[in-house]
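# output the structure for:
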Amino acid sequence: MMGAVELRQIQYFVVVARQQSFSRAAEAVGVAQPALSQQMKRLEAELGVTLLDRSSRPVRLTEAGVAFQARAERMLAEAGLAREEMREFAGVGRGRLVVGALPALAGLWLPPVLGRFHATYPRIELGLREANTEELSRLLGAGELDLALLHAVPGLYTGGPSYRGLVMERLFDEELVVVVPPAHGLAGRPSVELRALRDERFVLLTRGSGLSHTILAAATAEGFTPEVVAECASMTTLRALVAEGIGISIIPALPARAAGPPVAAVALRPALPAHAAAVAWRGDSRPSAPAEALLGVIRDQVAAAG
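Now for the predicted structure:
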């Protein structure tokens with residue numbers, strides 16, 4: 001019976017019921033009075049009942065009209081809520097956002113950013129994936145991530161701002177430093193040359209990480225291949241292995257000087273090319289509205305940090 005009833009007719013009926021006048025209701029909804037009267041007749045015909053007593057002034061509701069008004073008010077309220085909810089899905093108010101990040105950035109740099117984002121958009125569900133640069137690039141390309149924080153590594157990422165169909169925006173540079181156990185002979189020295197590390201044993205992040213690529217390429221340019229005695233996926237685990245004396249490593253200054261297993265940080269002179277932390281997304285489409293909002297928070301955080 002309700003199949004052909006239009007939301008507009010229900011809205012008109014509620015206005016007539018409230019105004020108790022066809023002329024005032026027509027003025028309120030911005031239609032001609034004859035058109036409004038015709039819509040009410042169609043509504044009554046569709047429902048099979050008389051809703052309005054037109055013989056009285058002011059216009060009064062019939063018994064059926066009183067019952068229908070209460071239901072009509074609820075329907076209009078639900079329709080309003082539905083429109084608002086769909087606007088949120090179309091904009092930034094609701095949705096799901098999946099962010100990928102290198103473990104060091106996920107643990108040290110990203111949490112304050114996500115905290116600020118969540119405070120502004122509390123109804124957006126957040127997902128976080130941690131992986132190395134190569135895996136993050138793959139996940140972005142596969143559409144499993146909206147954004148990723150990774151390293152734009154010289155020699156690994158080529159061809160300008162786009163790599164493997166990704167758009168990359170440089171955020172900040174991270175100096176690379178040598179980390180050694182606190183009792184190591186290099187601990188306490190202000191700096192060391194890379195070539196002086198040729199006889200050291202190394203702990204590296206797993207192959208496929210941009211950091212490992214940088215270290216191995218720089219060592220090759222100095223004429224040696226590092227002896228890698230351990231590989232791991234986590235920067236925290238890497239620091240713990242170095243702290244236990246299993247080997248030395250070269251990592252960004254941010255995780256080297258953060259709280260964690262005890263290590264000594266030594267500058268490299270001459271310095272290796274700084275690692276550029278970047279935010280990336282797929283280049284074949286615009287980021288979603290939630291992703292655009294998070295990009296704004298990320299940029300604000302970088303600007304605030306100078």
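# now the residue nearest to residue 165 when sequence neighbours are not counted. Its backbone dihedrals?
Of all residues not flanking residue 165 in the chain, residue 283 sits nearest, at 5.3 Å (C-beta to C-beta, 6 or more residues apart in numbering). Quick note: C-beta positions are derived from backbone N, CA and C, even for glycine. Torsion angles at residue 283 (phi, psi; degrees, to the nearest 10) stand at phi -90, psi 0.
# by mean pLDDT, flag the weakest helix or strand of the protein.
strand 162-163 (a mean of 46; mean pLDDT, DSSP states H and E).
# pairing partners for the helix or strand following it, with directions?
Next along the chain after strand 162-163, taking DSSP states H and E as the criterion, comes strand 166-174. Strand pairing for strand 166-174, using DSSP bridges, gives strand 162-163 (antiparallel), strand 275-282 (antiparallel).
# can you list contacts of stretch 172-185?
Applying C-beta atoms under 8 Å, 6 or more residues apart in numbering, the set of residues contacting stretch 172-185 from outside is 186-187, 192, 197, 211, 214, 239, 242-245, 248-254, 256, 262-268, 271-272, 274-277, 302, 305.
# the protein: helices as residue ranges?
Along the chain, the stretches classed as helices by DSSP state H are 7-19, 22-29, 33-47, 63-90, 103-108, 110-120, 133-141, 210-221, 235-243, 253-256, 289-305.
# CSV for those, including mean pLDDT and mean neighbour count?
Below are the helices of the chain laid out as CSV (pLDDT from 0 to 100; neighbours: other C-beta atoms under 10 Å):
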stretch, mean pLDDT, mean neighbour count
helix 7-19, 91, 18
helix 22-29, 88, 17
helix 33-47, 92, 16
helix 63-90, 80, 13
helix 103-108, 82, 21
helix 110-120, 91, 15
helix 133-141, 86, 21
helix 210-221, 89, 19
helix 235-243, 92, 21
helix 253-256, 86, 21
helix 289-305, 88, 16
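# among those helices, which comes closest to residue 169?
Nearest to residue 169 among the helices of the chain is helix 289-305 (7.9 Å), distances taken as C-beta to C-beta.
# what about dumping the CA coordinates of that closest one to CSV?
Taking Å, rounded to 0.1, in the frame of the first residue of the first chain, the C-alpha atoms of helix 289-305 are listed here in CSV:
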residue,chain,number,x,y,z
ALA,A,289,38.2,12.2,1.9
PRO,A,290,39.4,10.6,5.2
ALA,A,291,42.8,10.1,3.6
GLU,A,292,42.9,13.7,2.5
ALA,A,293,42.1,14.8,6.1
LEU,A,294,44.9,12.7,7.5
LEU,A,295,47.3,14.1,5.0
GLY,A,296,46.4,17.5,6.3
VAL,A,297,47.2,16.5,9.9
ILE,A,298,50.5,14.9,8.7
ARG,A,299,51.5,18.1,7.0
ASP,A,300,50.6,20.2,10.0
GLN,A,301,52.8,17.9,12.2
VAL,A,302,55.8,18.2,9.9
ALA,A,303,55.3,22.0,9.7
ALA,A,304,55.0,22.3,13.5
ALA,A,305,58.3,20.3,14.0
